[in-house]
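S.K.: Model the following, please.
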Amino acid sequence: MNGEIPMKKKALLAVLLAMTLLLSSCALIVKDKEVDAKTVILKMGDKEITKAEVQEAVDNELADMYQTYAMYYGTQIDTTSPEVIAEAQTQAIKALKQDMTLRAKAAELGFDQLTEEETAQAKEDAQSSLESAKSYIQSYYLTEEQQALEGEELEKAIQEKLDEFGVSLEDYEKSATDTIVDNKLRDYAIKDVTVSDDQVKAEYDSKVAADEEQYKENLSSWANSANNGTTLYYTPAGIRRVKQILIKFKSDDQTAISDANSQITAANSKITAAQEIIDDEAASEEDKTKAQEDLTAAQAELDAANAALTAATDTAYANIDADADAVLEELKADPESWDRLTEEKNEDPGMKAGTSTAETGYAVCEGMTGFDSAFVEAAMALQNIGDVSDKTRGASGGYYIIKYVGDDAEGPIDYDSVKDSIHSSLLTSLQSETYTATVEKWVSEAGIKEDLNALKD
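M.R.: Residues are numbered from 1 along each chain as shown. The predicted model follows:
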């Protein structure tokens, strides 16, 4: 759980506070709230889930939706919307029915009886989750004065927040126990799932065909994908591999270039603002005259900034000429020194030992986008494997020294090199599909009685 508040108490503390007012509109409107809250909505054997428990699950689902939209989409979902509430209700009911079914199935199979080792593990996981939650509360929910507390006083402040949110060690223990039981149920459901060699080969053939269709006429996309570490199952013709030693600008020179670029940006902003006034038919003549003066001044600033950038860039290259020339001289004297010089002189992280691109080199092709065009042109200009370029000015803030190290053979990737990963992926996918289908079957056969109409009151 890693500190996450158990589902019945809410996933994240921040969302609990944010939702306090938002969820008030979801409260049940009834004449006798206490009686209505006890209305049975779901029933399986002697197990019942009341309207109040369903509402709590719906509130949790709404809070999760609110958090998800805020975190991943940067928007706020309207949790008072009838459509949103209906969606949350559907998901909550589905989850509650599944949980009822899994608890019953676990009892039927004896999986709810934990061994001493499993019980100990659940307690350990629960304690770890509680400590994470306490740390989270201390960081985000205590006042500055409370955070300055120590010892028992600090523990008391944290415990008060835990109590406020209704979170306890028992909650975490139940969650950890359910996780262990659910894992045993999953293992039971997928125990007979296997993947044959024929299935692996068929999946391989499918991936090869798909990549051939996608990349045969799109070498640049293939090269970019390869450089990003994507496993590719077909290689088109025209891909070569290169390595580089990057000699970067000195820190002071890079600062001067950055300053000049900032001045260019500022001047361009002034030019745009002035031009907008000049083009505005509603602007007064006085404003337009002033804007024209501002435009002239800004253009002068831009010219000066561009001149400063050129001078700073030329100086930056001049200050690393000797370093780049020394590398080239050593390579000329000893071509076998490339690997050593790469480790000693190179400032490209992608060429450092331990990276995949350091081992294979960068994939490049004619007209490739995604890399600096100066780098690509210099790389593709090399005639023979083993050739090394001269120092090349690049957009990475320094000189490229590039070595042509090989060509990728056209055709499918070697089957033996990927069959194990394909097998693993297929098995994981099939296990997931099987477990989902099995749980759905268990739920459909569980005989759960439901009274969803009662939720409309």
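S.K.: how is the protein carved up into domains?
M.R.: As recorded under automatic domain parsing, the domains making up the chain are 13-189, 240-407.
S.K.: So for residue 218, which of these sits nearest?
M.R.: Nearest of the domains of the chain to residue 218, taken as CB to CB: domain 240-407 at 9.8 Å. Every residue, glycine included, has its C-beta placed from N, CA and C.
S.K.: Poorly predicted segments of the stretch 1-150 of the chain, please.
M.R.: Low-confidence segments of the stretch 1-150 of the chain, defined by pLDDT under 70, span residues 1-31.
S.K.: So for the helix or strand encompassing residue 122, what gets flagged as buried?
M.R.: For residue 122, the host element (DSSP states H and E) is helix 116-140. Of the residues in helix 116-140, 118, 121-122, 125-126, 129-130, 133-134, 136-138 count as buried by neighbour count, 16 or more other CB atoms under 10 Å.
S.K.: next one: stretch 264-280
M.R.: Applying a neighbour-count criterion of 16+ other CB under 10 Å, the buried positions in stretch 264-280 are 264, 267, 270-271, 274, 277.
S.K.: so of the residues you listed, which ones are in strands?
M.R.: Among those, no member falls in strands (DSSP state E).
S.K.: Let me have those residues in JSON lines, extended by pLDDT and distance to residue 422.
M.R.: Formatted as JSON lines, the buried residues of stretch 264-280 follow (pLDDT from 0 to 100; distance: CB to CB, whole Å):
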{"residue": "264", "pLDDT": "97", "distance to residue 422": "51"}
{"residue": "267", "pLDDT": "96", "distance to residue 422": "56"}
{"residue": "270", "pLDDT": "96", "distance to residue 422": "58"}
{"residue": "271", "pLDDT": "96", "distance to residue 422": "56"}
{"residue": "274", "pLDDT": "95", "distance to residue 422": "61"}
{"residue": "277", "pLDDT": "95", "distance to residue 422": "63"}
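S.K.: and of these, the nearest to residue 420?
M.R.: residue 264 (52.7 Å).
S.K.: OK, contacts around the residue nearest to the closest one when sequence neighbours are not counted?
M.R.: By the measure of CB to CB, 6 or more residues apart in numbering, the closest residue to residue 264 outside its immediate chain neighbours is residue 305, 4.4 Å from it. Contacts for residue 305 were tallied using CB atoms under 8 Å, 6 or more residues apart in numbering; they are 260, 263-264, 266-267.
S.K.: Tabulate the domains of the chain (JSON lines), appending distance to residue 199.
M.R.: Output for the domains of the chain, formatted as JSON lines (distance: least, CB to CB, whole Å):
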{"stretch": "domain 13-189", "distance to residue 199": "20"}
{"stretch": "domain 240-407", "distance to residue 199": "28"}
